[in-house]
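A.B. asks: no sequence on hand, only this structure:
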């Protein structure tokens with residue numbers, strides 16, 4: 001029991017010593033200096049928090065915008081392919097040539113906007129009717 005009390009007193013002395021240091025440090029400062037330190041710390045905390053939140057939101061919005069753009073570009077290429085297939089029903093080679101030209105134009109547009117673009121063409125050979 002005596003050992004526990006001694007340990008508690010030693011811990012109290014250490015924490016009390018730390019508290020005394022901060023108390024004596026802040027007591028030496030006048031009121032305007034204390035208010036200035038408080039104001040600057042609150043300003044730094046608020047600027048850092050607003051900056052972090054703004055960065056995260058801007059990142060999310062950029063990713064969402066690019067995803068929407070890519071989805072619309074893919075949809076547009078699908079419509080172009082359907083139209084070309086309708087026009088060149090019997091000539092598959094000419095259809096592929098025209099489609100390739102449209103794909104290259106689309107790729108140039110995306111690269112002009114700063115996006116690296118790679119395109120894949122899927123050919124479906126057989127159609128299956130699902131029941």
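C.D. replies: Yep, that arrived. These figures come from a predicted structure and were not determined experimentally. Numbering: from 1, shown residues only.
A.B. asks: tell me which other helices or strands the longest helix seen in the chain touches.
C.D. replies: Identified as the longest helix of the chain according to DSSP state H is helix 31-87. Other elements packing on helix 31-87 under the criterion 3 or more CB pairs under 8 Å, 6 or more residues apart in numbering; DSSP states H and E are helix 92-112. (Each C-beta comes from the backbone N, C-alpha and C, glycine too.)
A.B. asks: how about the helix it packs on: buried residues?
C.D. replies: For helix 92-112, the neighbour count (16 or more other CB atoms under 10 Å) marks 95, 98, 99, 103, 106, 107, 110 as buried.
A.B. asks: kindly calculate the angle that the longest helix of the chain makes with helix 92-112.
C.D. replies: If you take axes from the mean of the first three to the mean of the last three CA atoms, to 10 degrees, helix 31-87 sits at 170 degrees to helix 92-112.
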